[in-house]
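Asks: Show me the folded form of this:
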Amino acid sequence: MWDVYTQEVGRIPASISNEEYRIRQSRLLSQLKPNDLIVIPNPPTSTRSNDVKYPYRCSSDMLYFCGWKDPDSLFCAYNKDGNWITALFVQPSDTLKEIWEGRRPGLEGAKNDWPVDESYSYDELNDNLSKMIRKSSRVFMRLGINPKVDEIVESEMKTQSRERQKHGFGPDSICDPSQMINELRLRKSAAEVELMRYSAKVASQAHIIAMKNTRPGIGEYQLEGLIEGFFKYSKTTGSAYPCIIGSGENATILHYTENKDICNDGEIILTDAGCEYEGYASDITRSWPANGVFSESQAEIYQLVLDSQLAGIEACKVGNSYDAPHLAAREVLAKGLIKLGVIDQELDEALSPDGDLNKWYMHNTGHWLGIDVHDVGIYKPGGEPRLLEEGMVITVEPGLYFGSWRRDVECPKKYENIGIRVEDDILITTDGPEVLSGDCPKTITNIESLIGSG
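Replies: All right, here's what the predicted structure looks like:
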C-alpha cells in the first residue's frame with residue numbers, strides 16, 4: 001500500500017562509519033589532559049508498568065561517539081602512556097537471556113565491530129571503572145544519567161585510601177563535558193546530513209499520506225496511526241517525539257498530544273510529526289482544512305504564516321545570527337496582523353516584548369535539530385547570538401493561534417479556533433538554506449489538491 005511513498009523517499013543511507021566515530025572521539029579527546037577520564041553512561045531501562053518496560057532509547061552522546069544502542073552499557077576513554085584508549089562496558093553474552101530478549105554482541109562483538117579499543121563486562125563495572133577513576137585526576141561525566149555510575153564515581157571521589165595519600169592518585173574533580181560535546185554535535189557531517197535528509201523525506205511522505213486520507217469525521221488518532229505506521233514501514237525507529245494532531249481548538253494548543261478527537265467539517269488540522277532514523281530526528285508541521293478547502297479567514301492566516309516562514313528560511317544564511325529567522329518571521333507576522341486589523345498598534349510597538357503580536361504568536365521560530373529533536377548547542381555563547389555556520393541544522397516554524405477558549409485575550413471572531421503552524425528542517429550551507437523537508441507540500445493550492453485524494 002505504501003510502496004509508492006517509499007519510492008519517493010529513495011534509498012536508505014549508510015550508517016555512520018567507524019572511521020567517523022573515531023574522528024569524533026579524537027576531536028573530544030584532543031581537548032582533554034593526559035590524566036583525564038571521559039565517561040559516557042547510557043541511562044537504565046524504564047518500567048512502563050509491572051514487568052513491561054518502555055522501548056529503550058540510548059544516550060544521544062553514546063550514539064554520537066560510538067553508535068552503541070543497548071542498555072547496561074558505558075563508553076569511556078583514558079590515557080595510557082600518551083595514547084588514548086577507548087572502551088565499552090556492555091552486557092556479556094548470556095544464552096538464556098538472549099533467548100528471551102534478543103542477541104547480544106557481547107564483549108568480543110563490541111571490541112571487533114564497534115569503534116573502541118577495549119571491551120569490559122557491565123557486570124564488572126564497579127571494579128574496572130573504579131580502577132580507571134583512581135588513575136585519573138579529573139572525571140568528565142554528566143551526573144544524573146545513570147544512578148549506578150554516579151554512585152561509583154562519587155564513591156571514588158570520597159575515598160581516602162593509603163595509596164591515594166602516598167602517591168596522590170585519584171580524582172580531584174568531576175567535570176561536565178556537555179559544552180565540549182555539544183559544540184561537536186552542533187555541526188553536522190556529510191554522513192549525518194544524509195541520515196537527516198532521509199528522516200525528513202520519510203516524515204514528508206507521512207504528512208502527504210495523512211493529507212490524502214483526511215476527510216471530515218476522521219479521528220486525530222487515525223491520522224496519527226497513518227503517520228506513525230509509515231514511519232515504521234520506512235525502517236525508522238518511529239516518532240522522534242509525541243505526534244501533535246490537533247483539530248479545531250486543539251490546533252491552538254502548542255503541545256497538544258492527546259490526539260483523541262474527531263476532525264470536523266470546517267476545522268483546521270495542525271499536524272506536527274517527525275521520525276527518527278539511526279537516532280537523527282526530523283520535525284515537520286503542516287496545517288490543513290479537514291474538508292480540503294481553506295475558508296477565506298483560514299486562508300488569510302495560513303498565507304500569512306507561510307509568508308513569514310519563507311522570510312525566516314531566507315534568513316538562514318551563513319554569517320547571520322541564529323535569531324535572524326525569528327526576527328524576520330515576526331516582522332512579517334506583525335505587519336500582516338496589523339493589515340488584517342487583528343493588531344491595532346504601530347509595527348515597533350507590536351514587535352516589542354509587551355506588544356500584541358505575543359498574544360497570537362508566543363514561541364520561538366526555531367531550534368537546533370539533530371540526534372535530539374531539540375538538539376544541543378548554546379544559542380548565545382557569551383551572551384551574544386551565535387552566528388550560523390555551514391553544517392548546522394535549524395527548524396523554522398512560525399505560527400498563529402486564535403483559541404476562543406482563552407481567558408487572557410479576546411479572540412477575533414473571524415479567526416476563532418484557527419491554529420496554523422508551518423515548520424521545515426533547514427540545513428545551513430554556503431550556497432544558502434537547504435530545506436531538508438522540501439518534499440512536504442505547503443502552498444494552499446498544493447495542499448488543497450491533496451486533501452481527501454487517497
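
Asks: Every contact and neighbour count from this point should use C-alpha atoms.
Replies: Fine.

Asks: Which helix or strand lies directly C-terminal to the helix or strand in which Ile133 is found?
Replies: Assigned by DSSP states H and E, Ile133 falls within helix 125-134. Where DSSP H and E defines the elements, the next helix or strand beyond helix 125-134 is strand 138-140.

Asks: Can you list the buried residues in the next helix or strand after that following strand?
Replies: Going down the chain from strand 138-140, the next helix or strand is helix 147-158, by DSSP H and E. Buried residues in helix 147-158, counted by 16 or more other Cα atoms under 10 Å: 149, 152-153, 156-157.

Asks: ok, back up a step: and the helix holding Ile133, what does it pack against?
Replies: Secondary-structure packing of helix 125-134 (3 or more Cα pairs under 8 Å, 6 or more residues apart in numbering; DSSP states H and E): helix 147-158.

Asks: so what does the longest helix anywhere in the chain touch, helix or strand wise?
Replies: The longest helix of the chain (DSSP state H) is helix 190-212. Judged by 3+ Cα pairs under 8 Å, 6+ apart, helix 190-212 is in contact with helix 3-9, helix 220-233, strand 268-273, strand 276-277, strand 280-281, strand 284-289, helix 444-450.

Asks: per-residue confidence averaged over it?
Replies: Average pLDDT, helix 190-212: 98.

Asks: Okay, buried residues for it please.
Replies: For helix 190-212, the neighbour count (16+ other Cα under 10 Å) marks 192-212 as buried.

Asks: coming back round to it: dump the helix holding Ile133 to PDB, keeping only the CA atoms.
Replies: What follows is helix 125-134, C-alpha atoms only, in PDB (Å, rounded to 0.1, in the frame of the first residue of the first chain):
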ATOM      1  CA  LEU A 125      31.600  -2.200  36.100                       C
ATOM      2  CA  ASN A 126      32.200  -1.400  39.700                       C
ATOM      3  CA  ASP A 127      35.700  -3.000  39.800                       C
ATOM      4  CA  ASN A 128      37.000  -1.900  36.400                       C
ATOM      5  CA  LEU A 129      35.600   1.600  36.300                       C
ATOM      6  CA  SER A 130      36.800   2.200  39.800                       C
ATOM      7  CA  LYS A 131      40.400   1.300  38.800                       C
ATOM      8  CA  MET A 132      40.200   3.800  35.900                       C
ATOM      9  CA  ILE A 133      38.800   6.500  38.100                       C
ATOM     10  CA  ARG A 134      41.600   6.000  40.700                       C
END
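
Asks: still on that earlier bit, relative orientation of the longest helix of the chain and helix 220-233 in degrees?
Replies: Angle of helix 190-212 versus helix 220-233, following axes from the mean of the first three to the mean of the last three Cα atoms, to 10 degrees, is 140 degrees.

Asks: the inter-axis angle of helix 190-212 versus strand 284-289?
Replies: Orientation of helix 190-212 against strand 284-289 (the same axes, to 10 degrees) gives an angle of 10 degrees.

Asks: centre of the chain versus helix 190-212, how much separation?
Replies: Distance, stretch centre to chain centre, for helix 190-212: 14 Å (Cα atoms, centre = their mean, to the nearest Å).

Asks: Could you check the angle that helix makes with strand 268-273?
Replies: Orientation of helix 190-212 against strand 268-273 (the same axes, to 10 degrees) gives an angle of 150 degrees.

Asks: what helix or strand is the nearest residue to Ile343 once chain neighbours are set aside on?
Replies: Among residues not flanking Ile343 along the chain, Leu337 sits closest, at 5.6 Å (Cα to Cα, 6 or more residues apart in numbering). Secondary structure from DSSP H and E places Leu337 in helix 324-340.

Asks: Which SSE is immediately downstream of that helix?
Replies: With elements assigned by DSSP H and E, the helix or strand that comes after helix 324-340 is helix 347-351.

Asks: Looking at the buried residues of helix 147-158, which is nearest Glu410?
Replies: Taking Cα to Cα as the measure, Glu410 lies nearest Val149 of the buried residues of helix 147-158, at 52.5 Å.

Asks: Could you list the low-pLDDT ranges of this protein?
Replies: 160-169 (pLDDT under 70).

Asks: domain parsing for it?
Replies: Using automatic domain parsing, the domains assigned to the chain come out as 3-183, 187-450.

Asks: Give me the spatial nearest neighbour of His314, chain neighbours excluded.
Replies: Check again: residue 314 is Glu, not His. Using Cα to Cα, 6+ apart, the nearest residue to Glu314 is Pro433, at 7.0 Å.

Asks: Correction: the previous question concerned Ser239.
Replies: Counting by Cα to Cα, 6+ apart, the residue nearest Ser239 is Cys275, at 4.2 Å.

Asks: The one you found: neighbour count?
Replies: Counted with other Cα atoms under 10 Å, the neighbours of Cys275 add up to 34.

Asks: for Lys97, same thing?
Replies: As a burial measure, Lys97 scores 11 neighbours (other Cα under 10 Å).

Asks: how near is it to Phe231?
Replies: 29 Å (Cα to Cα, to the nearest Å).

Asks: so of the domains of the chain, which one's packed in deepest?
Replies: Compared across these, domain 187-450 shows the largest average neighbour count, a mean of 21 (mean count of other Cα atoms under 10 Å).

Asks: starting at the chain centroid, how far to it?
Replies: 14 Å.

Asks: gap between the two ends of it?
Replies: 36 Å.
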